[in-house]
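In: no FASTA, just this:
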């Protein structure tokens, strides 16, 4: 079972910041997860479309504008990074699950990854694109693996994940059962579960056969001997 740093090592450093991604890499993570929103043509790495929860500011991204958002404190002096900045920081050493949070993110993310793969050390297999917005997900370049995100359990989530071109089905811990995991894997999908922070819960997920978990504390799983990479 693979441990993916959720928004970096967000239990130790402010989420979705360069510090969080550096910390995840230092812990031994081979994979991190992040969220992108599109603002004024720039892909920002931030989960919410409001800044109140994760920064020193208040209001929505669109109300504030790119310049103002970039000047906010995202915790411990960190700033809200762009996707370009995160990829430059990681330099192809750590693979990335990019969650498409905002509308219109699929096309610019796909274009940016194409440039990165053509001009740097990044390889297409180092990226996994995921989203709860399944329409947006299907607009992403199919050369990058897709993770179909689900919240509450749905009757046809395995079949729909396959229909949507997913290689991964990403589900909440409360939805994860051995039966569902087996059904997905028999359909050719890998299963990743969010967000798993306690060691006993990690062990439960391993016992039912999930392929990966997202954790704010990836060091807990890595220190317990779970895997770092898919390959």
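Out: That came through, no problem. Model, not experiment: these values are computed from the prediction. Numbers count the residues shown, from 1 in each chain.

In: now stretch 88-96, how far from the centre of its chain.
Out: 13 Å (Cα atoms, centre = their mean, to the nearest Å).

In: tell me the contacts of the residue nearest in space to the middle of the chain?
Out: The centroid of the chain falls nearest to residue 33 when counting by Cα atoms, centre = their mean (2.8 Å). For residue 33, the contact set (Cβ atoms under 8 Å, 6 or more residues apart in numbering) comprises 4, 5, 6, 7, 96, 97, 98, 99, 214. To be clear about C-beta, it is placed using only N, CA and C from the backbone, and glycine gets the same treatment.

In: give me the secondary structure label for the spatially closest residue to the fourth one that is not a sequence neighbour.
Out: Looking back up the chat, that one is residue 7. Nearest non-adjacent residue to residue 7, counting by Cβ to Cβ, 6 or more residues apart in numbering: residue 15, 3.9 Å away. Look at residue 15: counting by DSSP: H, G, I helix; E, B strand; the rest coil, its state is coil.

In: tell me the helix or strand right after the longest strand seen in the chain.
Out: Ranked by residue count and defined by DSSP state E, the top strand of the chain is strand 31-39. Using DSSP states H and E, the helix or strand that follows strand 31-39 towards the C-terminus is strand 42-45.

In: same question for the helix or strand following that next one, mean pLDDT?
Out: Sequence order places helix 61-64 as the next helix or strand after strand 42-45, per DSSP H and E. Averaging pLDDT along helix 61-64 gives 98.

In: same check on stretch 153-171?
Out: For stretch 153-171, mean pLDDT rounds to 97.

In: next: stretch 80-89.
Out: 98.

In: how about the helices in the protein?
Out: Using DSSP state H, the helices of the chain run over 18-27, 61-64, 66-70, 83-90, 106-119, 134-138, 157-163, 178-186, 199-207, 218-223.

In: list the contacts of residue 159.
Out: Neighbouring residues of residue 159 by Cβ under 8 Å, 6+ apart: residue 187.

In: how close does it sit to residue 90?
Out: Distance, residue 159 to residue 90, by Cβ to Cβ, to the nearest Å: 34 Å.

In: equivalent analysis for residue 170, please.
Out: From residue 170 over to residue 90 (counting by Cβ to Cβ), the distance is 21 Å.

In: the two: which is more packed in?
Out: More crowded of residue 170 and residue 90, by other Cβ atoms under 10 Å: residue 170, with 27 against 20.

In: beta partners for that one?
Out: residue 149, residue 192 (DSSP bridges).

In: and residue 213, how many neighbours?
Out: Neighbours of residue 213 (other Cβ under 10 Å): 26.

In: number the residues from 42 up from this point.
Out: With the count now opening at 42, the last piece we talked about shows up as residue 254.

In: go through the contacts of residue 74 and give me the one with the most neighbours.
Out: Counting neighbours by other Cβ under 10 Å, residue 46 leads the contacts of residue 74 with 33 neighbours.

In: so where is this protein shaky, pLDDT-wise?
Out: For the chain, the stretches with pLDDT under 70 are 272.

In: ok, 90 please
Out: Applying pLDDT under 90 to the chain flags the ranges 143, 268-272.

In: distance of residue 265 from residue 74?
Out: With Cβ to Cβ as the criterion, residue 265 and residue 74 are 19 Å apart.

In: likewise for residue 159?
Out: Residue 159 is 24 Å from residue 74, by Cβ to Cβ.

In: try residue 199
Out: Going from residue 199 to residue 74 by Cβ to Cβ gives 22 Å.

In: for residue 154, what are its contacts?
Out: 163, 165, 168, 182, 185.

In: buried subset of those residues as a ChimeraX selection?
Out: Buried subset of the contacts of residue 154, written as a ChimeraX selection, criterion 16 or more other Cβ atoms under 10 Å:
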select :163,168,182,185
